[in-house]
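Chemist: need a 3D model of the sequence below.
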Amino acid sequence: MIELFNQEYAVKQYGKAMEEKGFKKGFKKGFEKGFEKGFEKGLKKGMKKGKAQMAQLIAKLFDLGKIEDVEKVSKDPEYREKLLKDYGLAED
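Modeler: Numbers count the residues shown, from 1 in each chain. The predicted structure is shown next:
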C-alpha cells in the first residue's frame with residue numbers, strides 16, 4: 001500500500017514537473033514570438049516615419065530654393081538632423 005502511494009505521488013510530481021516545464025517552454029516561445037512581431041512592427045513604423053520626414057525636408061528645401069542642401073542632407077546625417085530640427089520636422 002505504501003509502495004502504491006509512493007508510485008502515485010511520484011507520478012503526480014512528475015506530471016507537475018512536466019506541466020511546469022511545458023509552461024516555461026510555451027511562455028518563452030510566446031514571448032520570443034511576440035517580441036519579434038513587436039520589433040518588426042516598430043521597425044516598419046519607424047521606417048515609414050523617417051521616409052515621411054525626409055520627404056518633408058526635401059520638399060521644404062525645394063520650396064526655399066536650397067537645391068544644394070538636398071544632396072547634403074542625403075549624405076550627412078548630422079546636417080540632416082540639424083535641418084529637421086531647424087524646420088520643425090524632427091520628433092523628439
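Chemist: centre-most residue in the chain?
Modeler: By C-alpha atoms, centre = their mean, the mean C-alpha position of the chain lies nearest to Phe39, the distance being 2.2 Å.
Chemist: how many neighbours does Gly22 have?
Modeler: 10 (other C-beta atoms under 10 Å). Using the backbone N, CA and C atoms, a C-beta is placed for each residue, glycine as well.
Chemist: list the contacts of it.
Modeler: Residues counted as contacts of Gly22 (C-beta atoms under 8 Å, 6 or more residues apart in numbering): none.
Chemist: for the lowest-mean-pLDDT helix or strand in the chain, what is the distance to the chain centroid?
Modeler: Lowest by mean pLDDT, DSSP states H and E among the helices and strands of the chain is helix 2-63, with a mean of 85. Helix 2-63 has its C-alpha centroid displaced from the chain centroid by 11 Å (C-alpha atoms, centre = their mean, to the nearest Å).
Chemist: ok, the residue nearest to the centre of the chain to Phe62 distance?
Modeler: 35 Å (C-beta to C-beta, to the nearest Å).
Chemist: report the separation between Ile58 and Gly30.
Modeler: Taken as C-beta to C-beta, the span from Ile58 to Gly30 is 42 Å.
Chemist: between those two, point out the one with more neighbours.
Modeler: More neighbours surround Ile58 than the other of Ile58 and Gly30, with 15 against 10 (other C-beta under 10 Å).
Chemist: need the contact list for the nearest residue to that one once chain neighbours are set aside.
Modeler: Leaving aside its sequence neighbours, Ile58 sits nearest to Val70 (C-beta to C-beta, 6 or more residues apart in numbering; 5.6 Å). Neighbour list for Val70: 58, 61-62 [criterion: C-beta under 8 Å, 6+ apart].
Chemist: neighbours around Val73, how many?
Modeler: Val73: 19 neighbours (other C-beta under 10 Å).
Chemist: hmm, I was thinking of Asp76
Modeler: 13.
Chemist: tell me the contacts of it?
Modeler: If you count contacts by C-beta under 8 Å, 6+ apart, then Asp76 has nothing around it.
Chemist: quick check on it: phi, psi?
Modeler: When read as degrees, to the nearest 10, the backbone of Asp76 gives phi -120, psi 100.
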